[in-house]
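**Student:** sequence below, structure please.
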Amino acid sequence: MALLPFPRSSDDSSGDDSGFWGNSEPEGGGAKMTFLEHLDELRKRLVVSIAAVGVGCVIAFTFVDRIYKFIMDPLYRLLPKGSTFVFTEPTEAFVLYVKMALLAGVVMAMPVILWQAWLFVAPGLYAREKKLALPFVILATAGFIGGAAFTHYLLFPWMWIFFASFATDKLSFLPRIEPVFALYVKMILGMGLVFQMPAIVYSLARIGLVTARFLVKSFKYAILVIFIVAAVITPSGDMLTQTLFALPMIGLYLVSILIAWIFGKPRRKQPAED
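**Tutor:** Below is the predicted model of the structure:
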């Protein structure tokens with residue numbers, strides 16, 4: 001069984017454990033965790049995250065009618081004249097309500113999920129790096145909510161108008177509620193992940209793994225990667241939707257450069273003589 005080193009305090013004789021926020025870890029390596037211990041730690045974090053999502057779903061289901069109106073009413077108003085939403089399976093409408101409650105539960109549980117993700121990687125960090133936990137969770141949660149809001153109010157309505165524009169007198173647009181919501185969820189989650197860029201860059205810049213100069217030098221390569229990622233995560237294959245996905249990613253990259261410049265770890269000056 002392979003052993004993976006984790007930087008922990010090697011002095012256990014005092015019995016003092018400063019916990020998650022403790023500063024007792026030495027700068028070098030310490031105790032080790034086995035592969036099975038890693039799996040057990042992952043299981044604990046997943047159980048807590050799933051439980052948080054479950055609680056959020058139960059809460060969301062109590063006002064799921066409002067969630068339905070919040071999501072579907074704006075889309076219904078953008079439909080061409082004579083068009084309406086339809087469902088073709090007996091359980092399709094009920095399942096839609098359940099999925100909406102699940103999505104709302106994930107959004108409400110996002111701070112807990114991000115916190116558990118940080119706790120999973122925390123044993124491999126030094127004490128000074130663990131202090132980034134709270135800023136990371138706050139920035140990542142704000143990024144996810146910002147991505148979801150951007151999709152709901154701007155990106156998805158634009159794409160919805162584009163798709164509905166193909167309706168004619170001889171071609172009616174009667175969208176089924178299940179595929180519509182499935183597309184909505186994909187875009188919400190996709191942009192929620194994309195909007196994590198500032199939080200990730202903030203953490204890497206504070207640790208010293210990323211600098212503003214490096215991001216500026218890599219800008220042209222980042223543009224290429226951004227359009228490739230946009231082509232992969234875009235639900236449809238049209239260039240308009242891909243561009244709508246890529247533009248906020250470019251903006252987030254520019255914001256990340258500013259974040260790395262402000263919060264980046266200062267580089268040590270090289271001595272004048274070797």
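**Student:** number of residues surrounding the nearest residue to T84 once chain neighbours are set aside?
**Tutor:** Spatial nearest neighbour of T84, chain neighbours left out: L174 (6.6 Å); criterion: CB to CB, 6 or more residues apart in numbering. The C-beta positions use only the backbone N, C-alpha and C, and glycine is treated the same way. Applying other CB atoms under 10 Å, we find 11 residues neighbouring L174.
**Student:** mind listing the helices for this structure?
**Tutor:** With DSSP state H as the criterion, the chain has helices at 35-61, 64-77, 92-121, 127-130, 133-150, 156-164, 177-194, 197-207, 212-217, 219-233, 239-263.
**Student:** going by mean pLDDT, which of those helices comes out lowest?
**Tutor:** Lowest mean pLDDT within those: helix 127-130, a mean of 76.
**Student:** for it, the distance to its chain's centre please.
**Tutor:** The chain centroid and the centroid of helix 127-130 are separated by 22 Å, computed with CA atoms, centre = their mean, to the nearest Å.
**Student:** swap in stretch 126-136?
**Tutor:** With CA atoms, centre = their mean, you get 19 Å for stretch 126-136.
**Student:** quick check: end-to-end length of that stretch?
**Tutor:** 16 Å (CA to CA, to the nearest Å).
**Student:** now that stretch: buried residues?
**Tutor:** Burial within stretch 126-136, assessed by neighbour count using 16 or more other CB atoms under 10 Å, is assigned to A127, E129, K130, L132, A133, F136.
**Student:** same deal with stretch 53-68?
**Tutor:** V53, G56, C57, A60, F61, V64, I67, Y68.
**Student:** how about CSV for the residues you listed, with distance to V216 added?
**Tutor:** Shown next, in CSV, are the buried residues of stretch 53-68 (distance: CB to CB, whole Å):
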residue, distance to V216
V53, 39
G56, 40
C57, 43
A60, 42
F61, 47
V64, 46
I67, 42
Y68, 45
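**Student:** was I right about L215 contacting V255?
**Tutor:** No. Assessed by CB atoms under 8 Å, L215 is found out of contact with V255, at 10.6 Å.
**Student:** more neighbours, those two?
**Tutor:** L215 (21 against 13).
**Student:** what sits against the more buried one?
**Tutor:** For L215, the contact set (CB atoms under 8 Å, 6 or more residues apart in numbering) comprises V201, A222, Y253, S256, I257, A260.
**Student:** can I get those in a markdown table with neighbour count and distance to F150?
**Tutor:** Compiled in a markdown table, these are given as follows (neighbours: other CB atoms under 10 Å; distance: CB to CB, whole Å):
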| residue | neighbour count | distance to F150 |
| --- | --- | --- |
| V201 | 25 | 18 |
| A222 | 18 | 19 |
| Y253 | 19 | 15 |
| S256 | 22 | 16 |
| I257 | 22 | 20 |
| A260 | 23 | 22 |
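**Student:** which one of those is nearest L114?
**Tutor:** V201 (15.6 Å; CB to CB).
**Student:** spatially nearest residue to that closest one (excluding sequence neighbours)?
**Tutor:** S256 (3.9 Å).
**Student:** now do S49 against M191, distance only.
**Tutor:** Here the criterion is CB to CB, to the nearest Å. By it, S49 lies 21 Å from M191.
**Student:** between those two, who's got more neighbours?
**Tutor:** Counted by other CB under 10 Å, S49 and M191 do not tie: M191 has more neighbours, with 26 against 20.
**Student:** doesn't P248 make contact with that one?
**Tutor:** Yes. Using CB under 8 Å, M191 is in contact with P248, at 7.2 Å.
**Student:** now do the same contact list for F61.
**Tutor:** By CB under 8 Å, 6+ apart, the neighbours of F61 are Y97, V98, A101.
**Student:** any common contacting residues for M191 and P248?
**Tutor:** Shared contacts of M191 and P248 (CB under 8 Å, 6+ apart): F150, L155.
**Student:** spatially nearest residue to the residue nearest in space to the middle of the chain (excluding sequence neighbours)?
**Tutor:** Closest residue to the average C-alpha location of the chain: L193 at 3.1 Å, with CA atoms, centre = their mean. Nearest residue to L193, sequence neighbours excluded (CB to CB, 6+ apart): G147, at 7.4 Å.
**Student:** alright, that wraps it up for me.
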